[in-house]
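Undergrad: make a model of this:
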Amino acid sequence: MESRVPETPEDGDPEEDTATALQRLVELTAPQVTPLRSLRVQYRLLRKLGSGSYGRVLLARPRHGGPALALKLLRRDSVPRAIFLREFCVGRCVSSHPGLLCTLGFPLQTPRHFAFTQEFAPWGDLSGLLQEKGLPEPTVKRVAAQLAGALDFLHSRGLVHADVKPDNVLVFDPACGRVALGDLGLTRPEGSPVPAPPAPLPTAPPELCLLLPPATLPLRPAMDSWGLGVLLFCAATASFPWGVPLAPDPEFEAFAGWMTTRPQPPRPPAPWDHFAPPALALLQGLLDLDPDSRSPPIAILDVLGEDWGLEANAEDPGGLGSKAWEDGEEWDTGESSLEEATDEGEEEAIGGGKSGTDGQAPWPGD
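TA: Okay, here's the model as predicted:
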């Protein structure tokens, strides 16, 4: 009889909290990890899609047939087995939602890597679609609605994504008819202790960037609200609103000064004055400096029918971004080099791809 990877933590005690249920699921899944001498036993390795400090993502096609998949690899010498299993289990648990990237199959391990497969998004990530003046307003709204639903789904299950940014939004068509939030490497149960990032990030909320080691904060959905607000600004303008959400960053200081002045000045500072009032109010709610007052992601749905003031952006979704990587397209794949890089440790052998998309950032600590 074929063994089954448990797909949800909901088969057990209904009173079990998310952290306990996830730990139980990790323990149940651990015996299901399939050892492989080489990834080439099961997959034809086509191309590197992304890489980062802890691993890489390859485009692969199953040798027994079927569509191309994204094969995510995490280095065993850098990522603990429990962390790998947690990411896999979270992915399987939330794959029923179309706004979250689907995790497939069973967990795998080679002599050098842990691995699992996910659905392949042929248009890459959202940052690759952005033009100098941002996405068309209908496209921004489609992205916003889908991500709001995905985050609401996660939060309703006691999980916080903790890494909402354009690089982690995978795109399935140039008009963003479907996008999916991926990279669950930092996703944790709500309330998990989280330290500051190694360096301040434009997408991290200020309360996290202000932390000094070894202090931590409990992970909260409000952190995802902040990341979503920054992401929507990026989608609309093709730029981050600030370098870091801390003083003395001048863009952040101008925004924070406007947000905290009472009575609030009627006109916001540039570039926030480019947004119509409904969109501006939405961003103010998501980016409230007080995490206790931040709007939930689902607040986006209340303003989808309003004008966001993005009429100056391009209106040709078919011309956005670069050419998609088609499922059936043939490449000079260099499969032997891919195999060397993944199973023999020759990290330089894989050419191309985009950095920072391996899904395992170096925080929070475990």
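Undergrad: where does the protein dip in pLDDT?
TA: Within the chain, the stretches with pLDDT under 70 are 1-15, 314-366.
Undergrad: nearest spatial neighbour of residue 268, skipping sequence neighbours?
TA: The spatially closest residue to residue 268, leaving aside those adjacent along the chain, is residue 258, at 5.4 Å (C-beta to C-beta, 6 or more residues apart in numbering). Glycine gets a C-beta too; all of them are placed from N, C-alpha and C.
Undergrad: hang on, the one you found is in a helix, isn't it?
TA: Yes. Under DSSP: H, G, I helix; E, B strand; the rest coil, residue 258 falls within a helix.
Undergrad: for it, give me its contacts.
TA: 264, 265, 268, 269, 272 (C-beta atoms under 8 Å, 6 or more residues apart in numbering).
Undergrad: could you give the number of residues near residue 156?
TA: For residue 156, the count of nearby residues is 10 (other C-beta atoms under 10 Å).
Undergrad: and it, how far from residue 86?
TA: Per C-beta to C-beta, to the nearest Å, residue 156 is found 19 Å from residue 86.
Undergrad: go on, residue 248?
TA: Distance, residue 248 to residue 86, by C-beta to C-beta: 38 Å.
Undergrad: now residue 161
TA: In this view, residue 161 and residue 86 are 14 Å apart by C-beta to C-beta.
Undergrad: in terms of neighbours, single out the busier of the two.
TA: A count of neighbours by other C-beta under 10 Å puts residue 161 above the other of residue 161 and residue 86, at 29 against 22.
Undergrad: pretty sure that one sits against residue 151.
TA: Yes. Counting by C-beta atoms under 8 Å, residue 161 touches residue 151, with 6.5 Å between them.
Undergrad: mutual contacts of those two, please.
TA: In contact with both residue 161 and residue 151: 181, 224, using C-beta under 8 Å, 6+ apart.
Undergrad: next one: residue 285 from residue 72, what distance?
TA: The gap separating residue 285 from residue 72 is 34 Å, by C-beta to C-beta.
Undergrad: out of these two, which sits in the busier spot?
TA: The neighbour count for residue 285 versus residue 72, taken as other C-beta under 10 Å, is higher for residue 72 (30 against 18).
Undergrad: would that one count as being in a strand?
TA: Yes. Counting by three-state DSSP, residue 72 falls inside a strand.
Undergrad: run through the bridge partners of it.
TA: residue 57, residue 116 (DSSP bridges).
Undergrad: which residues in the stretch 251-366 of the chain form helices?
TA: Applying DSSP state H, counting those that start in this stretch to the stretch 251-366 of the chain gives helices spanning 277-286, 335-343.
Undergrad: by how many degrees do the longest helix along the chain and helix 277-286 diverge?
TA: For the chain, the helix with the greatest residue count under DSSP state H is helix 137-156. Interaxial angle, helix 137-156 versus helix 277-286 (axes from the mean of the first three to the mean of the last three C-alpha atoms, to 10 degrees): 30 degrees.
Undergrad: for helix 137-156, which helices and strands make contact with it?
TA: For helix 137-156, the packing partners by 3 or more C-beta pairs under 8 Å, 6 or more residues apart in numbering; DSSP states H and E come out as strand 179-181, helix 221-237.
Undergrad: quick check: which helices or strands does the shortest one pack against?
TA: Which is strand 179-181. helix 137-156, strand 169-171.
Undergrad: tell me the most buried of these?
TA: strand 169-171 (a mean of 26; mean count of other C-beta atoms under 10 Å).
Undergrad: so what does it touch, helix or strand wise?
TA: Contacts defined by 3+ C-beta pairs under 8 Å, 6+ apart place strand 169-171 against strand 179-181.
Undergrad: next SSE after the strand it packs on?
TA: The helix or strand immediately downstream of strand 179-181 is strand 188-189, counting by DSSP states H and E.
Undergrad: do you know how far the spatially most central residue of the chain is from residue 129?
TA: In the chain, the centroid-proximal residue (C-alpha atoms, centre = their mean) is residue 168; its distance is 3.1 Å. Residue 168 sits 14 Å away from residue 129, taking C-beta to C-beta as the criterion.
Undergrad: distance check, residue 186 against residue 310.
TA: As judged by C-beta to C-beta, residue 186 and residue 310 stand 30 Å apart.
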